[in-house]
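Chemist: Dropping a prediction and its sequence here:
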Amino acid sequence: MNGVNGGLRQSMAWLHTWAGLLVGWLLLAIFATGTSAYFQDEITRWMQPEITGQRQITLASERALDWLQKNQPGADSWSITLPGRRAIASTLYWKPAGETRRSLRDHTITLDGNGQPVVSRATIGGFFLYRMHFDLHYMPVLWARWIVGFCAMFMLVAIVSGVITHKKIFADFFTLRFGKGQRSWLDAHNLSAVLALPFHAMITFTGLVTLQSLYMPWGMTVAYPTVAAYSADAYGSEAPPVRSGNAAPVAPIAEMIRQARVAWGGAEPGYIDIAFPGDANGIVRMFRGGGDGMAARAKTLQFDAATGHMHPVPAAKGAASETESVMVGLHAGRYAPYLLRWLYFLCSLAGTVMVATGLILWTAKRRVQLPDPERPHIGFRLVERLNIASVAGLPLAFACHFLANRLLPLRMDGRPDWEVHAFFIAWGGSLLLACLLSPRRGWLTLLAASTAAFAAIPVVDALTTDRWLVPSLLHGDWVFAGFDLTMIALAGALGFATWKVYKRPTVVVGRKRAATREVSA
């Protein structure tokens with residue numbers, strides 16, 4: 001029996017190692033961007049410092065409709081993204097008659113918390129990091145989601161095989177030894193894995209569920225003739241309206257919001273879409289805002305735009321649809337209040353550390369097994385350089401993305417795209433440096449650069465806006481103060497890592513010719 005157990009654990013150890021390594025570098029980026037996405041609304045607010053005011057749903061809706069009625073009376077549709085629990089701005093979109101949905105983003109304006117138009121810097125905000133988490137970038141979305149799903153499946157395999165491999169999984173929870181080389185990296189990997197093990201399993205499995213219709217569509221294709229038929233049954237739909245040609249103003253939106261609150265048990269709307277505004281056949285669709293429940297699929301109500309009469313409330317979803325909606329909501333965490341959101345963030349950060357330490361552990365363990373550690377084979381060198389660029393270079397990419405928001409010219413063409421380009425330019429430059437420098441110098445250079453970049457963010461913030469750390473603390477503006485404090489904390493953590501690498505002594509390695517040699521982290 002012991003032999004069987006030993007063989008199983010050995011097999012699982014091999015599977016755990018290679019399942020983690022083959023997708024580890026991309027998985028690290030997925031975890032890191034997913035971690036930041038738990039505060040995507042706060043990141044967006046920081047990246048638009050010109051927007052001020054308070055969250056007022058009804059006032060924002062009325063002011064938005066007033067603006068649209070005065071400025072876009074003949075549009076085929078109006079859409080309003082309302083302030084959420086963590087946002088204060090409203091975003092208005094309209095589709096002029098005859099234009100396509102693809103041009104919708106070209107017709108937009110932002111209103112501040114008081115419902116007044118505001119000219120803010122063009123930015124993609126936290127939405128980029130959120131979408132990067134599962135859509136990657138610079139490639140077709142379908143390809144990206146297949147790649148991310150492949151990584152998530154490998155992650156699930158690594159979690160299960162890791163649990164089987166560790167004989168002392170609970171003892172590892174209390175073990176973290178410093179200054180022990182490979183043993184220290186193993187302790188850090190075990191601790192970050194065990195500390196939030198239920199979260200890691202939940203977030204990986206529910207991440208796969210969010211795109212289950214893409215990865216396993218066969219049940220849907222057997223049961224329904226078309227994707228549209230499946231969507232109508234799963235999420236509900238009504239026949240689209242047809243323009244009548246008879247003019248009729250939009251009824252008071254405040255009364256529709258009141259009816260929606262009653263129907264939703266007090267929950268607020270988050271999005272309003274009006275088809276054929278100003279026409280007697282116009283339809284108002286109101287979507288429940290996120291954060292009022294764990295279910296992610298927004299409940300929808302429809303009203304006659306001209307009369308404000310509410311259509312019958314859609315029938316309740318089936319158990320399968322509700323379960324899927326809750327699992328998606330559990331993954332996204334939008335329902336979570338701030339304390340729970342920080343727990344999400346810290347557990348996801350532990351997952352990022354888990355992946356990073358696993359990658360480093362691979363090279364630390366195999367370096368001492370090389371015949372000549374000064375001349376490792378090309379496969380080892382490739383893994384080592386990718387580790388440096390991913391673990392030490394990815395933080396630099398994040399920092400450069402945030403710095404670009406403050407430093408790029410406010411009226412620059414394509415400004416949101418260049419914020420994103422800054423992220424990938426910094427990350428690509430990190431890989432180039434990792435390939436050109438020795439491992440130790442590569443770690444030191446990129447960790448020091450990441451430290452300096454994060455430390456520079458509050459300074460640049462103070463030089464370019466009036467909502468920097470000190471005024472934000474004095475006025476209780478905790479979104480802006482919290483962002484700068486988080487940047488300082490990250491700079492401190494990276495600075496500590498830089499100091500540890502710098503102070504790390506050279507060690508004796510090698511089997512055939514033991515000599516004192518420089519060893520990377």
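Modeler: Received the coordinates, thanks.
Chemist: Counting neighbours, what do you get for residue 413?
Modeler: Using other Cβ atoms under 10 Å, residue 413 has 8 neighbouring residues. Glycine gets a C-beta too; all of them are placed from N, C-alpha and C.
Chemist: With residue 301 instead?
Modeler: 20.
Chemist: can you check residue 419 too?
Modeler: 25.
Chemist: Give me the below-cutoff pLDDT ranges for the stretch 101-250 of the chain.
Modeler: For the stretch 101-250 of the chain, applying pLDDT under 70 flags the ranges 101-106, 167-188, 232-239.
Chemist: ok, which stretches of it are strands?
Modeler: For the stretch 101-250 of the chain, applying DSSP state E, counting those that start in this stretch gives strands covering 108-111.
Chemist: try the chain
Modeler: Assigned strands in the chain, in chain order: 77-81, 90-95, 108-111, 269-275, 283-288, 300-304, 507-509, 515-517 (criterion: DSSP state E).
Chemist: Which of these sits closest to residue 408?
Modeler: strand 108-111 (18.1 Å; Cβ to Cβ).
Chemist: got the strands of the chain as CSV, with distance to residue 193 columns?
Modeler: Formatted as CSV, the strands of the chain follow (distance: least, Cβ to Cβ, whole Å):
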stretch, distance to residue 193
strand 77-81, 38
strand 90-95, 40
strand 108-111, 42
strand 269-275, 36
strand 283-288, 37
strand 300-304, 40
strand 507-509, 26
strand 515-517, 30
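Chemist: List just the one of those that sits closest to residue 414.
Modeler: Closest to residue 414 of the strands of the chain is strand 108-111 (Cβ to Cβ; 15.8 Å).
Chemist: for residue 27, what are its contacts?
Modeler: Counting by Cβ atoms under 8 Å, 6 or more residues apart in numbering, residue 27 touches 20, 151, 154-155, 355.
Chemist: Could you check how far the nearest residue to residue 289 once chain neighbours are set aside is from residue 255?
Modeler: Nearest non-adjacent residue to residue 289, counting by Cβ to Cβ, 6 or more residues apart in numbering: residue 270, 2.7 Å away. As judged by Cβ to Cβ, to the nearest Å, residue 270 and residue 255 stand 18 Å apart.
Chemist: Show me which of these two is the more surrounded one.
Modeler: The residue with more neighbours, out of residue 270 and residue 255, is residue 270; 21 against 12, by other Cβ under 10 Å.
Chemist: How much space separates the closest residue to residue 427 other than its chain neighbours from residue 131?
Modeler: Residue nearest to residue 427 in three dimensions, not counting chain neighbours: residue 397, with 3.9 Å by Cβ to Cβ, 6+ apart. Separation of residue 397 from residue 131 (Cβ to Cβ): 15 Å.
Chemist: Same question for residue 67.
Modeler: Counting by Cβ to Cβ, the gap between residue 67 and residue 131 amounts to 28 Å.
Chemist: how many neighbours does the nearest residue to residue 36 once chain neighbours are set aside have?
Modeler: Of all residues not flanking residue 36 in the chain, residue 129 sits nearest, at 4.6 Å (Cβ to Cβ, 6+ apart). As a burial measure, residue 129 scores 23 neighbours (other Cβ under 10 Å).
Chemist: hmm, back to that, weakest of the strands of the chain by average pLDDT?
Modeler: Note on those: lowest mean pLDDT is at strand 515-517, with a mean of 42.
Chemist: how about the longest helix seen in the chain: buried residues?
Modeler: The longest helix of the chain (DSSP state H) is helix 2-37. Residues 9, 12, 15-21, 23-37 are the ones in helix 2-37 that count as buried (16 or more other Cβ atoms under 10 Å).
Chemist: pLDDT (mean, whole number) over it?
Modeler: Helix 2-37 shows a mean pLDDT of 79 in the predicted model.
Chemist: How far off centre is it?
Modeler: Remark: helix 2-37 is offset 22 Å from the chain centroid, using Cα atoms, centre = their mean, to the nearest Å.
Chemist: do the same with stretch 284-294
Modeler: 20 Å.
Chemist: Also stretch 352-365?
Modeler: Centroid displacement of stretch 352-365 relative to its chain, using Cα atoms, centre = their mean, is 22 Å.
Chemist: out of residue 397 and residue 131, which sits in the more crowded spot?
Modeler: Using other Cβ under 10 Å, the more surrounded residue of residue 397 and residue 131 is residue 397, with 23 against 18.
Chemist: who's in contact with the more buried one?
Modeler: By Cβ under 8 Å, 6+ apart, the contact set of residue 397 is 423-424, 426-427, 430.
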